[in-house]
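Student: sequence first, then the predicted structure:
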Amino acid sequence: MAEKTVKIGTRGSRLALSQTGQITERLRAVGGFDAPIVPIKTDGDILTGPLSQMGGTGVFAAELRAAVLDGRVDVAVHSLKDLPTVAVPGLTLAAVPVRADARDALCSRDGLTLTELPQGASVGTGSPRRAAQLLAARPDLRIVDIRGNVDTRLARVPGLPGNAASDPVPGKVGDLDAVVLAAAGLTRIERLDTVTEFLEADVMLPAPGQGALALECRTADVELGGVLGQALAAVDHHDTRLAVTAERGLLARLEAGCSAPVGAFAYRKGSMLFLEAVVNSLDGTRTMRVKKATDGLTTVGATLLGIELAEELLDGGAGDLADLAGSAK
């Protein structure tokens, strides 16, 4: 790889291109190299139907990872929540930039909050995690499975500011009372004007890694050092890496994919790293929520925190609430 040019791979959605553009500017500034952005089409962009039935979040990451390995690009920018926990030989998670807002956001008609939505209101989401936590808070809601880019999802709710879908679904515009989306994504494409309520952790814990980006490259390129390695190291944020390492350690031990209603959020406070997690039954009627902390502020300590909290969940019967492969061990 020529260090004068570093090809940055990403999905081609408006959100992916926006967040990749922002982090690429930082890499260019630090490394002093040219960094063209190369959109890569993934299975998740082509296939239709519920994400949980298409192989989970890995459908967004697999083609990007292949593009790094075969040299089409030098760095892949992933939404970290879409990155499977299983490492790929030859690739390294070289940087985790500072995390954006990890919360989920409710975007509803008439400025209604979650508690103000009418009885039996229809709420759109493609996430079993969000669906289960919504039903735990409001069992009367009608959850509607939705796919599509951010604008397409927002277009399902009438009256939102600047509401227009880039690829509207025929007959499915303005048909929902609300949708739930990631606050970080709405921030990155400047659509926070559509948010009627940010859902706090006591109502909805985010997906592990939500709000964070993952910059993955060939292991050999990092080991060789040079300007790329230095640039990636410069944008890596230690506390964010600790937090997402704990969250992904929990997810890996539970062996829970996107079809499992598992939420987790870690944060550093002083000399401690805290991790909170929730597992719901799909219908939201049963919930397990646990929290734990460690003073081991290393990636090993963070991983162990995630594993230990997962063991608590499994010992408490979390495997009976959700389809967790880790419960069989």
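Tutor: Received it, and whenever you're ready, just let me know what you need.
Student: pLDDT weak spots in the chain?
Tutor: For the chain, the stretches with pLDDT under 70 are 1-3, 42-58, 164-171, 224-225, 257-259, 323, 325-329.
Student: which residues in the chain form helices?
Tutor: 14-31, 43-46, 58-69, 128-137, 150-154, 183-188, 219-223, 226-235, 238-254, 299-315, 318-321 (DSSP state H).
Student: can you report how many residues neighbour the nearest residue to residue 268 once chain neighbours are set aside?
Tutor: Leaving aside its sequence neighbours, residue 268 sits nearest to residue 239 (Cβ to Cβ, 6 or more residues apart in numbering; 4.7 Å). In this view, the C-beta of every residue, glycine as well, is placed from N, C-alpha and C. Residues near residue 239, counting by other Cβ atoms under 10 Å, number 15.
Student: for residue 198, same thing?
Tutor: Neighbour count for residue 198, taken as other Cβ under 10 Å: 14.
Student: contacting residues for the most centrally placed residue in the chain?
Tutor: Nearest to the mean C-alpha position of the chain, by Cα atoms, centre = their mean, lies residue 81 at 2.8 Å. Residues in contact with residue 81 (Cβ atoms under 8 Å, 6 or more residues apart in numbering) are 57, 182, 206-210, 212.
Student: just residue 87 next, same as before
Tutor: Residue 87 neighbours (Cβ under 8 Å, 6+ apart): residue 93.
Student: picking that back up, ok, and the most crowded of the contacts of residue 81?
Tutor: residue 208 (32 neighbours).
Student: pretty sure that one contacts residue 243?
Tutor: No: between residue 208 and residue 243 there is no contact, the gap being 9.6 Å when judged by Cβ atoms under 8 Å.
Student: okay, the helices of the chain in a markdown table with distance to residue 112 next?
Tutor: Output for the helices of the chain, formatted as a markdown table (distance: least, Cβ to Cβ, whole Å):
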| stretch | distance to residue 112 |
| --- | --- |
| helix 14-31 | 25 |
| helix 43-46 | 31 |
| helix 58-69 | 31 |
| helix 128-137 | 14 |
| helix 150-154 | 15 |
| helix 183-188 | 17 |
| helix 219-223 | 48 |
| helix 226-235 | 39 |
| helix 238-254 | 30 |
| helix 299-315 | 33 |
| helix 318-321 | 29 |
